[in-house]
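Colleague: Quick check, what structure comes out for this input:
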Amino acid sequence: MPADPQRRVDPDVDLHIAGDRGPLHGQVLAVVAVGGAVGSGARYGLAQAFPHGPGAFPWATFGINVSGCLLIGVLIVAVTEVWDALPLARPFLGTGILGGFTTFSTYAVDALTLAGDGHPRRALLYGGLTLVCALAAAAAGMRLTRGLASARVAP
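Modeller: Numbering: from 1, shown residues only. The predicted structure follows:
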């Protein structure tokens, strides 16, 4: 059953706003930190398991970012349209785990390194393909989750 839109909880906090310094802010920071450690550990493990040499297409970073965006698409629909208020799910899973897992800073460094090492076409291919595939993956994750959620509640 879809969550009641009136009960949606956005647990993101801005500690500069007095109203955001409520009882959850310490818990949010803690779950983001723990999730970030889990996500970045998984990313590091995959990057080590699938290294790329100089001038090679960075498949591990590409796969990490595209799969992470797919999961972000799934998550955002799940926490805003499917699940009832789980105030720590989004910061733990989205900001923490998936924020630590995806690595668009490494993507930028990889593209610049490819270009600087004399592979400008590969750098452009990698840069463009990552953006297109990451956006498509996020949209696919959202569509998939909405489809599964509606099939689950349909008679």
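
Colleague: What number of residues are in the vicinity of the spatially closest residue to residue 82 that is not a sequence neighbour?
Modeller: Nearest non-adjacent residue to residue 82, counting by C-beta to C-beta, 6 or more residues apart in numbering: residue 149, 4.7 Å away. (Each C-beta comes from the backbone N, C-alpha and C, glycine too.) If you count neighbours by other C-beta atoms under 10 Å, residue 149 ends up with 18.

Colleague: now whichever strand or helix holds residue 149: how far from the chain's centre is it?
Modeller: Per DSSP states H and E: residue 149 is located in helix 120-153. Its chain's C-alpha centre lies 11 Å from the corresponding centre of helix 120-153 when counted by C-alpha atoms, centre = their mean, to the nearest Å.

Colleague: likewise stretch 146-155?
Modeller: Distance, centroid of stretch 146-155 to centroid of chain: 24 Å (C-alpha atoms, centre = their mean).

Colleague: What ranges does this structure have for its helices?
Modeller: 25-49, 59-77, 89, 99-101, 104-116, 120-153 (DSSP state H).

Colleague: Please name whichever of the ones you listed is nearest to residue 83.
Modeller: Closest approach to residue 83 among these (C-beta to C-beta): helix 89, 6.8 Å.

Colleague: Which residues does that closest one contact?
Modeller: Contacting residues not belonging to helix 89 are listed as 75, 78-79, 83 [C-beta atoms under 8 Å, 6 or more residues apart in numbering].

Colleague: How about stretch 135-148?
Modeller: 66-67, 69-78, 81-82.

Colleague: Now the buried members of those residues.
Modeller: Buried members of those, counted by 16 or more other C-beta atoms under 10 Å: 66-67, 69-78, 81-82.

Colleague: Tell me, please, the helix or strand in the chain that averages the lowest pLDDT.
Modeller: The weakest-scoring helix or strand in the chain, judged by mean pLDDT, DSSP states H and E, is helix 89 (a mean of 88).

Colleague: now that one, how far from the chain's geometric center?
Modeller: A distance of 13 Å separates the centroid of the chain from that of helix 89, by C-alpha atoms, centre = their mean.

Colleague: now do stretch 97-106
Modeller: Chain-centre distance of stretch 97-106: 7 Å, with C-alpha atoms, centre = their mean.

Colleague: Identify the residues contacting the spatially closest residue to residue 133 that is not a sequence neighbour.
Modeller: Spatial nearest neighbour of residue 133, excluding adjacent residues (C-beta to C-beta, 6+ apart): residue 66 at 4.7 Å. Applying C-beta under 8 Å, 6+ apart, we find residue 66 in contact with 130, 133-134, 137.
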